[in-house]
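> Coordinates for the following, if possible.
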Amino acid sequence: MKETTIRELVNVSLRKPVLIEGLPGLGLVGKIAVRYMIKLLKARKMAYLYSPHFPYFVIVNRKGTVRLLRGTFYYWKNDKGDNDLMMFTGDSQAQTIEGQYEISNRILDFAEKHNVKTIITIGGYRVETEEKPKVIAVATNKELLEMALKANATLNTSSIPIVGTAGLILGLAPLRKIDALCLLGETRGYLPDPKAAKSILEVLVKILGINLDLSGMDEEISRAERIIARLKEIEERRALQIEELKREESKKVTYIA
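Numbers count the residues shown, from 1 in each chain. Purely as a prediction, here's the structure:
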């Protein structure tokens, strides 16, 4: 395999589809959010994306068989609204700058093929917060941005760049005459963060006008918070041990012969 390729699994016709992208990144926020949507909507697989720019290992399942790392497109037909959905997530982001551009362009190629006019990318925004994570919105046009703000997202006033596929798609989409919106959930970034993912989904369902029961994420959030509390406890204990060692060292008498 010398370049990024997409293998379609089904040939499906969609009505005014909106593409939602969420790959692994800070706090796995994008992947958690999109995977939860796929699960609740019972979305179906549409295509696989393979790339030599993914890490060079294979995934081994419990039965002992292997597969390449990949991205997967899913689709969901919205019987109660105007827009069907396409969703894209995967095992990894590209590991090179060239790969990031190549994969982002292949995603956009696939979006164009299926007449996607709007793409929403999802990611994490690194910040230390103890409160409910805010959702930062960035868009390629004012209309999309206003929709996000009305759905309780906030503006990005810090001008921090958006790294990875979520940002590149936002930059490349206007070249294809596709509107794009990026939703970033506040996250510490070093552990999977379902709390940030839920904040994003609360904004996203309002933008899309669909109903999703997000209560199922509460158990994941509680589990993540227990892990964070445990890590804090370990760190505090370690800090106390270091302080104790310093005090013991300072008590030692040094003699000069």
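> okay, and the helix or strand of this protein with the least pLDDT?
Least confident helix or strand of the chain, by mean pLDDT, DSSP states H and E, is helix 217-251 with a mean of 73.
> Mind giving me the packing neighbours of it?
helix 194-208 (3 or more Cβ pairs under 8 Å, 6 or more residues apart in numbering; DSSP states H and E). The C-beta positions use only the backbone N, C-alpha and C, and glycine is treated the same way.
> The helix it packs on: how far from the chain's middle?
11 Å (Cα atoms, centre = their mean, to the nearest Å).
> which of the residues in that helix are buried?
Using 16 or more other Cβ atoms under 10 Å as the test for burial, helix 194-208 gives 194-205, 207-208.
> thinking again about what came up before, now the angle from the least confident helix or strand of the chain to helix 194-208?
Using axes from the mean of the first three to the mean of the last three Cα atoms, to 10 degrees, the inter-axis angle of helix 217-251 relative to helix 194-208 is 140 degrees.
> and of the buried residues of helix 194-208, the nearest to residue 11?
The closest of the buried residues of helix 194-208 to residue 11 turns out to be residue 208 (Cβ to Cβ; 24.4 Å).
> how much space between the closest one and residue 98?
33 Å (Cβ to Cβ, to the nearest Å).
> At the geometric centre of the chain, which residue do we find?
The centre of the chain sits closest to residue 30, judged by Cα atoms, centre = their mean, with a distance of 1.4 Å.
> ok, residues contacting the helix or strand hosting that residue?
Following DSSP states H and E, one finds residue 30 within helix 29-41. Contact with helix 29-41 is made by 20-25, 43, 74, 76, 85, 87-90, 121-124, 166, 184-185, 187, 192-194, 196-198, 200-201, 204, 212-214, 216-217, 220, as judged by Cβ atoms under 8 Å, 6 or more residues apart in numbering.
> tell me the angle that helix makes with helix 217-251.
Using the same axes, to 10 degrees: helix 29-41 against helix 217-251 is 150 degrees.
> Just the CA coordinates for helix 29-41, please, in CSV.
This file holds the C-alpha atoms of helix 29-41, laid out as CSV (Å, rounded to 0.1, in the frame of the first residue of the first chain):
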residue,chain,number,x,y,z
VAL,A,29,-12.9,13.2,23.0
GLY,A,30,-13.7,12.9,19.3
LYS,A,31,-13.6,9.2,19.1
ILE,A,32,-15.7,8.7,22.3
ALA,A,33,-18.4,11.1,21.0
VAL,A,34,-18.6,9.6,17.6
ARG,A,35,-18.6,6.0,18.8
TYR,A,36,-21.4,6.8,21.2
MET,A,37,-23.5,8.3,18.4
ILE,A,38,-22.8,5.2,16.2
LYS,A,39,-23.9,2.9,19.0
LEU,A,40,-27.1,4.8,19.9
LEU,A,41,-28.2,5.4,16.3
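> buried sites along that helix?
Neighbour-count burial for helix 29-41 [16+ other Cβ under 10 Å]: 29, 30, 31, 32, 33, 34, 35, 36, 37, 38, 40, 41.
> immediately after it, which helix or strand?
Next element after helix 29-41 (DSSP H and E): strand 44-50.
> Can you verify residue 157 is assigned to a strand?
No. With DSSP: H, G, I helix; E, B strand; the rest coil as the criterion, residue 157 is coil rather than part of a strand.
> ok, how many other residues are close to it?
The tally of other residues near residue 157 (other Cβ atoms under 10 Å) stands at 7.
> Great, nothing more from me.
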